[in-house]
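K.L.:
Provided below for reference: sequence and predicted model.
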Amino acid sequence: MANGTTTVNEKSFYQQSTNKYSGILSWLLTTDHKRIGIMYGVTILFFFLVGVILGVLMRLELMAPGKTIVDAQTYNSLFTLHGVIMIFLFIIPGLPAIFGNFFLPIQIGARDVAFPRLNLLSYYIYVAGALLALLAVILPGGAIDTGWTFYIPYSIRSNTNVSLPLLAAFVLGFSSILTGLNFITTVHRMRAPGMTFFKMPLFVWATYATAWIQIIATPVIGITIVLVILERLFGVGIFDPALGGDPILFQHLFWIYSHPAVYIMILPAMGVVSEIIPTFARRTIFGYKAIAISSLAIAFVGYLVWAHHMFTSGMSDTARWIFSLLTFIVALPSGVKIFNWVATMYKGSIDPKPPFLWVMSFIFLFSIGGLTGLVLGSLATDIHVHDTYFVVAHFHFVMFGGTGTIFFAAIHYWFPKMFGRLYNDKLATLGVLGFFIGFMLLYFPKFIMGYMGMPRRYYDYLPEFASLQLISTIGSWVLAATIFFIVGYLIHALFKGPKAGSNPWGGVTLEWHIQSPPTMENFKEIPKITHEPYDFSQLKEMKNEYS
Amino acid sequence: MHEENSKHNHHIGYGTYVLVWLALLAFTSITVTVAGVSLGEYTLFVALSIAAIKSALVINIFMHIKFDEKIFKVFLLISGFTLLVIFILTFFDFIYR
């Protein structure tokens, strides 16, 4: 890397503000991408923990057959809110908004994103959307009970507050679009000299591909939501079959967004994996271009598979086999990534630090999630397991075992850089272990129950499911306890942890060339990029830079 | 780029804008008229074609894409292509149901 990039022992971005204010206002009115990333972090983590608590309550209700802690209506609201919060407030914005904001500009050698004020606006739009969603819970009428998919015709008939959470999703969509717009422009216009597209770190590639999905797909859900609200308020009859509408059209429109949204959730996670594995295997990534291009391929093919959510909805047979075929194609670029990651570790010098362990856990859980996805993507087997716990298990393995696990991997990987402190490795290793055990106990029985015929979203169940339901509930306690344990030791490390150097893991992408935590402008001088992103021969030079 | 834009603004002129506006109005009235005629299976095709021409006019002239950098055209083509694919795939359900 060029001289002059390294900054050590200068005022960090915590000590220097982008505006004239100090204290809380210096945060609330900041345009610094790092501060905005951290504000997202605090807010998203809060909603994640709310979602976790709702999930635990659901599992408590299902611990034994019949009524356990809540009535059926409350249970319907619980799983809807759990879904809406986890999807729209945690997992969609999670990685891009927190780590994309913080690290995308640094990794391409920029001082900030292309539109810093728009970035702050995106944050406030996110907060406004989140508040609307919460407001819908408090207002009379009751919390929404349609499931997070808002399927027609029930979402038109339900007497609970449906329009307000829909409006919240609409508003949150704008935050997502603006963040995507910002990232695409940043990648195109703000790269440091020498940072060609094929020298960008793979997290940047993944976030870039994600940004495209955010921009192209999100407007579709926006329009759909407006149509549902119009339908509820004025009975326009676009979706409601009683008025001559087509409920399957709603499912098409909903999944035209929501399936690509699945890739909004997983692609940045795959980017994080591509960062962590080379760092802890001390080896350049295997198949850099293949991984980069596969991100774009996933982003594109992700648009072609949405109707695999609708095999039993009554759509045409032709559409069913076409979408089934296309679904199998999306397994290819995902496979490209998995095999390249594993090949990167081959003959590497592996240092199993906590971020790496999280990634190992991810590869295991995500592979199970991915392969069971093929069971669901096949027309015949889908009929058997459709709308059962099998689907619930599948998407929790993919989304929580995938993106959720990597959310923690990313926190553990970049924590020293973001906060300049180290956490306790032993506690963190315990955290990975507890998470894995809790996760498997909670979600694996759902595959079995689903295969046996336990439908999803049911308040009650037959006695033959009782023991598996109980195991699942016990798993939820282990998992939730571990999550609070992780949050606990991280908060402790934030204040009491030993100081982290610039490069505690021996990474070579640009963020490891600057001090921890970074300065307000990231780089003294904009670096000139001369190396490939994962060229570990730089480590020697970097040591000289610091000395 | 700013200079380029202002040059092109000058280049287009009010006359073209008014013409495009009139064309849009004409296409809208065609859409409304055609809606009352039974074209059978071609109904959607005709409606979508008219809509496509209208958007092309708006994008090229009003949004200045015709005179802008190539990268914007590429971006728009990618989005437009995705939309087209989504339409075609949806029709595999709609037509064969």
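P.N.:
Structure received.

K.L.:
give me the low-pLDDT residue ranges for the chain?
P.N.:
Answering for chain A, as no chain was given. Applying pLDDT under 70 to chain A flags residues A:1-8, A:544-547.

K.L.:
look at chain B instead
P.N.:
Across chain B, the ranges flagged by pLDDT under 70 are B:1-10.

K.L.:
how about a cut-off of 90?
P.N.:
The model of chain B has pLDDT under 90 over residues B:1-14, B:34-45, B:63-72, B:75-76, B:78-80, B:82, B:94-95, B:97.

K.L.:
Contact residues of chain B facing chain A?
P.N.:
B:71, B:78-79, B:82, B:85-86, B:89-90, B:92-97 (C-beta under 8 Å from any C-beta of the partner chain). (Each C-beta comes from the backbone N, C-alpha and C, glycine too.)

K.L.:
Just the ones of the residues you listed in helices?
P.N.:
B:71, B:78-79, B:82, B:85-86, B:89-90, B:92-96 (DSSP state H).

K.L.:
ok, of those, which come out buried?
P.N.:
For these, a burial check counting by 16 or more other C-beta atoms under 10 Å in any protein chain shown picks out B:Thr82, B:Ile86, B:Leu89, B:Thr90, B:Phe92, B:Asp93, B:Phe94.

K.L.:
Tell me which helix or strand the closest residue to the second one other than its chain neighbours sits in.
P.N.:
In space, and not counting its chain neighbours, B:Ile86 is closest to A:Ile256: 5.8 Å by C-beta to C-beta, 6 or more residues apart in numbering or on different chains. Secondary structure here is read from DSSP states H and E; on that basis A:Ile256 sits in helix A:247-281.

K.L.:
Show me what that helix packs onto, helices and strands only.
P.N.:
helix A:92-95, helix A:202-234, helix A:288-301, helix A:317-345, helix A:354-377, helix A:405-419, helix B:70-96 (3 or more C-beta pairs under 8 Å, 6 or more residues apart in numbering or on different chains; DSSP states H and E).

K.L.:
Enumerate the residues of the stretch 301-450 of chain A near chain B.
P.N.:
A:Tyr303, A:Leu304, A:Ala307, A:Gly314, A:Met315, A:Ser316, A:Asp317, A:Thr318, A:Ala319, A:Ile322, A:Phe323.

K.L.:
between those, which has the most around it?
P.N.:
Among those, A:Ala307 has the most neighbours (other C-beta atoms under 10 Å in any protein chain shown), with 27 neighbours.

K.L.:
check contacts around that residue.
P.N.:
Residues in contact with A:Ala307, defined by C-beta atoms under 8 Å, 6 or more residues apart in numbering or on different chains, are A:His252, A:Trp255, A:Met315, A:Ala319, A:Arg320, A:Phe323, B:Leu89, B:Asp93.

K.L.:
And for A:Asn424?
P.N.:
A:Tyr489, A:Ala493, A:Gly497.

K.L.:
Pick the one among these closest to chain B.
P.N.:
Lowest distance from chain B to these (C-beta to the nearest C-beta) belongs to A:Ala493, with 42.5 Å.

K.L.:
Quick check: phi and psi at the closest one.
P.N.:
Main-chain torsions, A:Ala493, degrees, to the nearest 10: phi -60, psi -30.

K.L.:
Out of the helices and strands packed on helix A:247-281, flag the one nearest A:Gly271.
P.N.:
Distance to A:Gly271, taken as C-beta to C-beta, is lowest for helix A:202-234 among those, at 2.7 Å.

K.L.:
Can that closest one be said to contact chain B?
P.N.:
Yes: applying C-beta under 8 Å from any C-beta, one finds helix A:202-234 touching chain B at A:Trp212, A:Ile215, A:Ile216.

K.L.:
Check which element follows the lengthiest helix in chain B along the chain.
P.N.:
When chain B is parsed with DSSP H, its longest helix is helix B:2-35. The C-terminal neighbour of helix B:2-35 among helices and strands, as given by DSSP H and E, is helix B:43-57.

K.L.:
just checking, A:Tyr423 is part of a helix?
P.N.:
No: counting by DSSP: H, G, I helix; E, B strand; the rest coil, A:Tyr423 is not found in a helix; it is coil.

K.L.:
residues near the closest residue to it other than its chain neighbours, how many?
P.N.:
Excluding the flanking residues, the one nearest A:Tyr423 by C-beta to C-beta, 6+ apart is A:Ala493, at 3.7 Å. Counted by other C-beta under 10 Å, the residues lying close to A:Ala493 total 20.

K.L.:
Can you tell me the closest non-neighbouring residue to A:Phe103?
P.N.:
Nearest residue to A:Phe103 in three dimensions, chain neighbours excluded: A:Glu511, at 5.7 Å (C-beta to C-beta, 6+ apart).

K.L.:
how much space between that neighbour and A:Pro354?
P.N.:
18 Å (C-beta to C-beta, to the nearest Å).

K.L.:
quick one: contacts for the residue of the stretch 1-150 of chain A found nearest chain B?
P.N.:
In the stretch 1-150 of chain A, the residue that lies nearest chain B is A:Ala114 (13.8 Å; C-beta to the nearest C-beta). Residues near A:Ala114 by C-beta under 8 Å, 6+ apart: A:Asn182, A:Thr185, A:Thr186, A:Arg189, A:Met190.

K.L.:
Now it. Its backbone dihedrals?
P.N.:
phi -70, psi -40.

K.L.:
which non-adjacent residue is nearest B:Asp31?
P.N.:
No Asp there; residue B:31 is Thr. Excluding the flanking residues, the one nearest B:Thr31 by C-beta to C-beta, 6+ apart is B:Ile50, at 5.2 Å.

K.L.:
That neighbour touches B:Val34, doesn't it?
P.N.:
Yes: at 7.5 Å, B:Ile50 counts as touching B:Val34 under the criterion of C-beta atoms under 8 Å.

K.L.:
who touches A:Tyr303 in this structure?
P.N.:
A:Ile216, A:Ala217, A:Ile256, A:His259, A:Pro260, B:Thr82, B:Val85, B:Ile86 are the contacts of A:Tyr303 under C-beta under 8 Å, 6+ apart.

K.L.:
what's the closest of these to A:Met454?
P.N.:
A:His259 (24.5 Å).

K.L.:
which residue sits closest to the closest one, ignoring its sequence neighbours?
P.N.:
Excluding the flanking residues, the one nearest A:His259 by C-beta to C-beta, 6+ apart is A:Trp306, at 3.9 Å.

K.L.:
Now do the one you found against B:Leu89, distance only.
P.N.:
8 Å.

K.L.:
Can you work out which residues contact both of these two?
P.N.:
Contacts common to A:Trp306 and B:Leu89, judged by C-beta under 8 Å, 6+ apart, are A:Phe323.

K.L.:
rewinding a little: and the residues of chain B next to chain A, which is closest to A:Tyr123?
P.N.:
Taking these together and measuring to A:Tyr123 by C-beta to C-beta, the closest member is B:Ser79, at 25.3 Å.

K.L.:
need the contact list for that closest one.
P.N.:
Counted by C-beta under 8 Å, 6+ apart, B:Ser79 has contacts A:Ile215, A:Ile216.

K.L.:
Swap in 10 Å and give it another go.
P.N.:
A:Trp212, A:Ile215, A:Ile216, A:Pro219 (C-beta atoms under 10 Å, 6 or more residues apart in numbering or on different chains).

K.L.:
what's the burial count for the residue nearest to the second one when sequence neighbours are not counted?
P.N.:
Counting by C-beta to C-beta, 6+ apart, A:Ile215 lies nearest to A:Gly180, which is 4.5 Å off, once chain neighbours are set aside. For A:Gly180, the count of nearby residues is 25 (other C-beta under 10 Å).

K.L.:
Then A:Gly180 would be within a strand, right?
P.N.:
No: under three-state DSSP, A:Gly180 sits outside any strand and is assigned helix.
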